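Visitor: predicted coordinates and the sequence they were generated for:
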Amino acid sequence: MAALTSLLAGRDVNLRSADDTPDRYGRTAALVFIGESDTSVQAMLLARGEAIVSAEITDKDCAAALMAAEAEARRQKKGNWTDPSAIKNAESPDDILAGIGRYMVVEGKVLSVRQAGATTYLNFGRNWTRGFAVTISRRTLPAFENAGISLKSLESKRIRVRGWIEGKAGPRIEVLRVGQIELLGANEPTGVRP
């Protein structure tokens, strides 16, 4: 909060949004701009490593710009990213479990993709009752199909996933949007220490 306060205290701000439809809680999402600046406060915080991109952003260009700002801060190890444990290792479920109820970024190799009822599981551990997993409900599958992503194709791939940590039979992140998952390229550095 100190970073946000230092940017905004005593300043005039403008809110910009492509969609002013409130969410189910009556909130309207918007980017915040100081005066007539063309750089959002969100992008400034991300570039300083003081924030993590939310997967709630529906505008693809906006999401890509914010993800790029976060990626650059990670690469330069700024702010939150100076701590090697800022990105959790999917192979360390106890570290992830310690964050139940928190928004986290987790990286790891998907060991298996399994369907059980209306849920698809991306499993990162061999013991499904203790290992980290990503859950994706059947109602979310069309979004992945529209994005050209087959969940089965993620098996044996390294991914980065972001979301709220739940503790149901091991640590879990429920994926509600395609933007919560990033496929990590073979040459892309990860934030996880080996």
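Guide: That came in fine, so what should we check first? Residues are numbered from 1 along each chain as shown.
Visitor: only C-alpha atoms for contact and neighbour calcs from this point on.
Guide: Fine.
Visitor: what is the lowest-mean-pLDDT helix or strand in the chain packed up against?
Guide: Ranked by mean pLDDT, DSSP states H and E, the weakest helix or strand in the chain is helix 2-8, scoring a mean of 83. For helix 2-8, the packing partners by 3 or more C-alpha pairs under 8 Å, 6 or more residues apart in numbering; DSSP states H and E come out as helix 41-47.
Visitor: contacts for the helix it packs on next, please.
Guide: 3-4, 7, 31-34, 51-53, 65-66, 69-70, 72-73, 78 (C-alpha atoms under 8 Å, 6 or more residues apart in numbering).
Visitor: mind checking which of those land in helices?
Guide: 3, 4, 7, 65, 66, 69, 70, 72, 73 (DSSP state H).
Visitor: contact partners for the third one?
Guide: Read that as residue 7. residue 41.
Visitor: cool, the last one as well?
Guide: The neighbours of residue 73, taking C-alpha under 8 Å, 6+ apart as the test, are 46, 47, 48, 49, 79, 81.
Visitor: need the pLDDT of residue 30.
Guide: Per-residue pLDDT puts residue 30 at 84.
Visitor: repeat for residue 99
Guide: pLDDT, read off for residue 99, is 86.
Visitor: cool, residue 102 as well?
Guide: pLDDT, residue 102: 90.
Visitor: likewise residue 193?
Guide: The predicted local confidence for residue 193 is 41.
Visitor: and what of residue 62?
Guide: Confidence score, pLDDT, at residue 62: 85.
Visitor: report the distance from the helix or strand hosting it to the chain centre.
Guide: Per DSSP states H and E: residue 62 is located in helix 60-75. In terms of C-alpha atoms, centre = their mean, to the nearest Å, the centre of helix 60-75 is found 11 Å from the chain centre.
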